[in-house]
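S.K.: Have a look; sequence and predicted model below, questions after that.
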Amino acid sequence: MTQLIPVRQGEEIDTRKLQEFVTENLQVPHEELEIQQFASGASNLTYSVRIGEWEAVLRRPPLGPVAPKAHDMEREFLLLQSIHPTFPVAPKPLVFSKDETIVGAPFFLMERRHGYLFDTSYPKEVTPSHDTNRMLSKLMVDNLVKLHGISYKGTKLEELSKPEGFMERQVKGWLKRYDRSQTDDIKEVEPLRKWLLSNIPHTEESTVIHYDYKLNNALFSQDVKEMVGLFDWEMSTVGDPLADVGAAMSYWMEPADPKLLVYGLGQPTLTIQKGFYTRAEFIDSYGMATGRDMSKIHYYTTFATFKLAVICQQIYYRYQKGQTTDERFQQFNQFVRTLIQHAEGLAEKGGIH
């Protein structure tokens, strides 16, 4: 199950104001509201909200100033409204509010899903096995294939996305984000920048993409036969599906990866355990299921590694500026350096796979 903790100091929510909002906007009992916080996640703040038997999940931006166009709660809410009906693994959004007096920022509520989280350890209810790891790998590929197959025509996604020129905007945009949040001098950035800008592939097809697709953003049934929830849709859009595969692979660690990469965020993800697909197996399985040309996937995996570095750099920048005091972020600059060095090495070698 997903881990709930008491709300972290400094990230508290005014229970009375939130209860008034919930009872006014949703059909719930007039009983005491209880709030807990989800332990995982380093970006948006996510809370469990319960009133009697009714429960939901609240999402709001992180504390302090945030990067331009990042953490847009209304956009994520509208995306879920469009995606949920044809991809029900995405949770149903319930209500959005831009009133910052309630929880301190714009926020939305969505349905609560229950299932089993596979992150750095196995749920105690699940017996680890080679077969379990193969099934988890297969479900991750299968659901990504399903997501890339849904139609976005005639939905809000058409208004919220601009698929034309997607990869060029992505590369230039993430390079600018890095420059705005830079703290340490990392010599590999400039050769990597040159390689990324010089080798942008042509997008053959645009689909709905999640763009933060990783094992610990999903919940599974106890028998590991289905994915029952997929979360953190803030970066979702319509764009190059191979960019989504690349992003997934930036999180998909293998046992032979450099230790600084595997342990950069603490305990390593379960994907290093025997039975999980290798990145090459994941990519090949996706390619066979979709028929897409995977010959340039090395570019997407290299760019995704840099993109992950920028995400971590933005978090570290907020920590260094005192905009968050979460001690988990204290060493993020070292992980950023490792990721950028790894991405530059991938560029030199022509990528992975």
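M.R.: Arrived safely.
S.K.: thinking Arg134 is in contact with Gln273, fair?
M.R.: No. Judged on CB atoms under 8 Å, Arg134 makes no contact with Gln273 at a distance of 10.8 Å. Glycine gets a C-beta too; all of them are placed from N, C-alpha and C.
S.K.: Where does pLDDT dip in the chain?
M.R.: Scanning the chain for pLDDT under 70 picks out 1-2, 41-42, 64-71, 351-353.
S.K.: From Leu144, how far out is the most centrally placed residue in the chain?
M.R.: The C-alpha lying nearest the average C-alpha coordinate of the chain belongs to Asp212 (CA atoms, centre = their mean; 3.0 Å). Per CB to CB, to the nearest Å, Asp212 is found 12 Å from Leu144.
S.K.: same thing with Lys172?
M.R.: 26 Å.
S.K.: ok, those two, which is more surrounded?
M.R.: Taking neighbours as other CB atoms under 10 Å, Lys172 and Leu144 compare with Leu144 leading, 23 against 14.
S.K.: And the strands in this structure?
M.R.: Taking DSSP state E as the criterion, the chain carries its strands at 4-5, 33-38, 45-51, 54-60, 93-97, 107-111, 207-209, 218-220, 227-230, 237-239.
S.K.: Figure out which of these is closest to Gly165.
M.R.: strand 237-239 (9.9 Å; CB to CB).
S.K.: Count the neighbours of Leu192 for me.
M.R.: Using other CB under 10 Å, Leu192 has 26 other residues around it.
S.K.: care to break this structure down by domain?
M.R.: 4-111, 130-349 (automatic domain parsing).
S.K.: and the closest residue to Glu76 other than its chain neighbours, how far is that from Ala39?
M.R.: The shortest distance from Glu76 to any non-neighbouring residue, by CB to CB, 6 or more residues apart in numbering, is to Glu234 (4.8 Å). Separation of Glu234 from Ala39 (CB to CB) stands at 18 Å.
S.K.: Neighbour count: these two, which is higher?
M.R.: For Glu234 and Ala39, the more surrounded residue by other CB under 10 Å is Glu234, and the numbers stand at 19 against 13.
S.K.: ok, which stretches of the stretch 201-350 of the chain are helices?
M.R.: All helices of the stretch 201-350 of the chain, identified by DSSP state H, counting those that start in this stretch, fall at 241-251, 259-262, 279-290, 297-320, 332-349.
S.K.: Glu20: which of these is closest?
M.R.: When the helices of the stretch 201-350 of the chain are compared (using CB to CB), the closest one is helix 297-320, at 30.3 Å.
S.K.: What helices and strands are in contact with the closest one?
M.R.: helix 166-181, helix 189-198, helix 241-251, helix 332-349 (3 or more CB pairs under 8 Å, 6 or more residues apart in numbering; DSSP states H and E).
S.K.: Let's have the ones you listed in JSON lines, adding distance to Ile13.
M.R.: Supplementary listing: the helices and strands packed on helix 297-320 in JSON lines, determined by distance: least, CB to CB, whole Å:
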{"stretch": "helix 166-181", "distance to Ile13": "27"}
{"stretch": "helix 189-198", "distance to Ile13": "38"}
{"stretch": "helix 241-251", "distance to Ile13": "29"}
{"stretch": "helix 332-349", "distance to Ile13": "25"}
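S.K.: which of these sits most buried?
M.R.: Comparing the helices and strands packed on helix 297-320 by mean neighbour count (mean count of other CB atoms under 10 Å), helix 241-251 comes out on top with a mean of 25.
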